[in-house]
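> pasting the structure only:
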C-alpha cells in the first residue's frame, strides 16, 4: 500500500500501517530465540451472545463493542487460560502490531531487572549513568523520578503540533520526515540522543508532580544501553522475550543511529503482549523481580492530577505503568490509538487489546473498553 510518509500513523492509514510497520520504517529485531513458545491452555469461552456496555451505555454484543472501538486484536486470560481471543481488520495471531506507549512498560520492567542486579540505583542521579545530562533539564533528577515521570524537565507532548517536542521526536526517531514547508530556521534533531541533549529547560522542581512525557522512557533506555553495552532490542530479547517463551520475534523501530524508539516503537503479536501481562500477574514469573512488581503496584496518587483522571479517576503512575484507582488497583500499559495491556490481581484477569482508533486519545473509547473488561470480569468471577 502506498501510504503517505507524513500520515502513516494517522487515519485512515493506521488501520493498515499499525500491522505493517516493518514495511514502512527501519526496525531492529527482538529475537524470541529457539526455545518453545509458552503454551496457553484454553478455558471455556465466553458465550457467543455475551453482552457488554456499548458506547451509549446500552448492552451490545462484545463483538459490536470491539468493532466500534476499532479493535484489531483482543485477548482475555483468566488464571493464564484463554477465555476470549478474536481478530479484526486482517490481523492474525502471528501479526505484529505497533504498541505505541505500551512499550514504555516493557522498558520500565527492564530497569527493574537491573535494579535487582544492583547495576542501577533508583536513588542515584540520572547523571550517574548519563553524565551528559548535567547540561539538560534532567540535572539533579533521580532515576526513580525518570521512571515515575516526575522530573521537572520541560517537554511538550502535543501530538498534533509538528513543532512540539513530541513532534520533534517524530523526526528524530525516524517516524516522519521534516514537514514540507517547515520554517527553514527551525532546528530539527537528527536522532534521539541529539534531541535529549537539547532539552535544557527545567520547569518545576524534580519530584513535585507527575506529568506524562514520552521522552523519559527514551532517557531510561539510554541508561539501560549504557550499563549493558547492548542495544535495547537485544536487552529485551535476552531478559524477557526468550525467557517468557514468546511466540513471535518482535521488533523496534530505530533512528538514524540505531537507537530503538523506546517510548512507543515496539511491535509484537497479541499473545506476546498477553504473555508479558501474565508475567506481571504472576509476580514476575521468576523473570521479573517480585519486589519490582510489588513496588510498581504502589503508585504515587498524590502526584497524579489533572486530565489523567478522566479515564482513570483516583489513579496513579509508577515505574512506567498506570494504576487503576478502583479497589482492584489493576495495572495498565496504555498507548495512543487504543493499545492496552490490563492486569487485575484480584480477578486473575489479563487483557491485551490492539487497536487503530481514528484519534490519538479518546476518553469515550477508552472508558467503553474498560467498562467492557469489567463486565467480562464480573461474568468470570
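Sure, I can see it. This is a predicted model, so every value here is computed, not measured. Numbers count the residues shown, from 1 in each chain.

> where does pLDDT dip in the stretch 201-350 of the chain?
In the predicted model, the stretch 201-350 of the chain carries pLDDT under 70 at residues 300-307.

> show me where it has strands.
Under the criterion DSSP state E, counting those that start in this stretch, strands of the stretch 201-350 of the chain are mapped to 250-253, 266-268, 316-318, 321-323, 331-335, 339-344, 349-355.

> deepest in the core, which of these is it.
Ranked by mean neighbour count under mean count of other C-beta atoms under 10 Å, those are led by strand 266-268, which reaches a mean of 30. The C-beta positions use only the backbone N, C-alpha and C, and glycine is treated the same way.

> so how far is that one from its chain's centroid?
A distance of 10 Å separates the C-alpha centroid of strand 266-268 from that of its chain, computed with C-alpha atoms, centre = their mean, to the nearest Å.

> confidence score at the nearest residue to residue 53 once chain neighbours are set aside?
In space, and not counting its chain neighbours, residue 53 is closest to residue 371: 4.7 Å by C-beta to C-beta, 6 or more residues apart in numbering. On the pLDDT scale, residue 371 is placed at 95.

> and residue 371, helix, strand or coil?
Going by DSSP: H, G, I helix; E, B strand; the rest coil, the secondary structure assigned to residue 371 is helix.

> would you list the strands of the stretch 201-350 of the chain in a markdown table and tack on distance to residue 212?
Putting those into a markdown table (distance: least, C-beta to C-beta, whole Å) gives the following:
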| stretch | distance to residue 212 |
| --- | --- |
| strand 250-253 | 20 |
| strand 266-268 | 18 |
| strand 316-318 | 8 |
| strand 321-323 | 9 |
| strand 331-335 | 10 |
| strand 339-344 | 15 |
| strand 349-355 | 19 |
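
> of the ones you listed, which is nearest residue 120?
With distances scored as C-beta to C-beta, the stretch of the strands of the stretch 201-350 of the chain nearest to residue 120 is strand 316-318 (15.9 Å).

> mind listing the strands that closest one pairs with, and their directions?
Note on strand 316-318: by DSSP bridges, its sheet partners are strand 321-323 (antiparallel).

> give me the contacts around the strand it pairs with.
With C-beta atoms under 8 Å, 6 or more residues apart in numbering as the contact definition, strand 321-323 has outside contacts at 105, 108, 296-297, 299, 312, 315-317, 329-334.

> please apply the same query to stretch 99-110.
147, 214, 217, 220-221, 224, 232, 235-236, 239-240, 252, 261-268, 273, 276, 280, 288, 292, 296, 319-321, 333-337, 339-341, 354.

> and for the closest residue in space to residue 324 that isn't next to it in sequence, the neighbour number?
Closest residue to residue 324 in three dimensions, ignoring its sequence neighbours and counting by C-beta to C-beta, 6+ apart: residue 330, at 4.1 Å. The criterion is other C-beta atoms under 10 Å. On that basis, residue 330 has 27 neighbouring residues.

> residue 330 and residue 348 touch, don't they?
No: using C-beta atoms under 8 Å, residue 330 is not in contact with residue 348, being 11.3 Å away.

> follow-up on the earlier one: just checking, the residue nearest to residue 53 touches residue 54?
No: with contacts defined as C-beta under 8 Å, residue 371 does not count as touching residue 54, sitting 9.1 Å away.
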